[in-house]
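In: give me the fold of what follows.
(one chain, ligands or ions: 1)
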Amino acid sequence: MRQPLIAGNWKLNGTKVSAKALMTAVLEGAKEIGKAEIAVCPPFAFLDLGERLLSGGRVRLGAQNVCTEAGGAYTGEVSAAMLAEFGCRYVICGHSERREYYGETDAIVARKLAVVVSNRMTPILCVGETLEQREQGRMQEVIASQIDAIIEHNGIASFGQLEIAYEPVWAIGTGKTASPEQAQEVHDFIRHRIAGHDATIAAKVRILYGGSMKPGNAGELMSQADIDGGLIGGAALVAEDFLAICRAGDAAAS
Ligand code: PGA
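Out: Residues are numbered from 1 along each chain as shown. Take a look at the predicted model:
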């Protein structure tokens, strides 16, 4: 396992009051975490709060999305330079909810990765298959095409500047987790796909698992050779659960 990264994807949740309480609790609990790197990705509206509470501390700040454009007439969008100004370290790109509800194609995701990197932040590239695709036996084909599209648009070297999150769509927010063996199989597949172009980059890139990761299954998932952390949705909204997953990351790394 590489140094684990445990990133909380808060999605569209929280209020100023609850966001402050959650960030404060995570920051406090993070003092006991040794090896695992910890990040929280709140909605844009709470990034200012995040910067004020977290900057210089143990918990990194991330965003859930970014505009492909640097500026101009793009009502409602937020640029990578703005995210960087708030001290964001990570930006989630191509989450399945963005792909499904907001029409993000692989080409759009590739552009998002590029603007994030050029603003000195690290993208978390999400990939994953739907239940239907898995049942049709198309899991590998779908994952391969998502990875290959980024290689085609941004080059293999871009995988040296990002994190990957494998998030089977059927496991997100459903309580259904991929078994450690199922997840490891896909993580291994992704790493081999990248290794086909560059073995050094493939050995280094972190591949997080996301999809109903909880305190009860995090340890087993992260004990797999190619699972380097987690992108946590629901359980990231409860400080104790999120911190328990961070501790599991620590334990898996030692
Ligand atoms: P979940 O979400 O942990 O609630 O399944 C994960 C994600 O969508 O990043």
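
In: make it CA atoms for all contacts and neighbour counts henceforth
Out: OK.

In: for the residue lying closest to residue 161 once chain neighbours are set aside, what are its contacts?
Out: Leaving aside its sequence neighbours, residue 161 sits nearest to residue 122 (C-alpha to C-alpha, 6 or more residues apart in numbering; 6.4 Å). By C-alpha atoms under 8 Å, 6 or more residues apart in numbering, residue 122 lies in contact with 89-91, 116, 161-163.

In: hmm, residue 62 is touching residue 43, no?
Out: No. Using C-alpha atoms under 8 Å as the test, residue 62 is too far from residue 43 to be in contact (9.2 Å).

In: neighbours of residue 211, how many?
Out: Around residue 211 sit 25 other residues, with neighbours defined as other C-alpha atoms under 10 Å.

In: relative to the ligand, how far out is it?
Out: 4 Å (C-alpha to the nearest ligand atom, to the nearest Å).

In: per-residue pLDDT of that residue, please?
Out: Here, the pLDDT recorded for residue 211 equals 96.

In: got the buried residues for the lowest-mean-pLDDT helix or strand in the chain?
Out: One helix or strand of the chain scores below all others by mean pLDDT, DSSP states H and E: helix 131-135, with a mean of 94. Within helix 131-135, the residues scored as buried using 16 or more other C-alpha atoms under 10 Å are 133-134.

In: how about that helix and the ligand, touching?
Out: No. Using C-alpha under 6 Å from any ligand atom, helix 131-135 stays clear of the ligand, with a minimum separation of 14.0 Å.

In: quick check: next helix or strand after the strand or helix carrying residue 29?
Out: Assigned by DSSP states H and E, residue 29 belongs to helix 16-29. Note on helix 16-29: by DSSP H and E, the next helix or strand toward the C-terminus is strand 37-41.

In: quick check: pLDDT value at the closest residue to residue 10 other than its chain neighbours.
Out: In this structure, residue 10 finds its nearest non-sequential neighbour in residue 42, 5.1 Å apart by C-alpha to C-alpha, 6+ apart. As predicted, residue 42 sits at a pLDDT of 98.

In: now do the one 3 residues further on
Out: The confidence metric pLDDT takes the value 98 at residue 45.

In: quick one: it from residue 67, how far?
Out: Applying C-alpha to C-alpha, to the nearest Å, one obtains 15 Å for the distance of residue 45 from residue 67.
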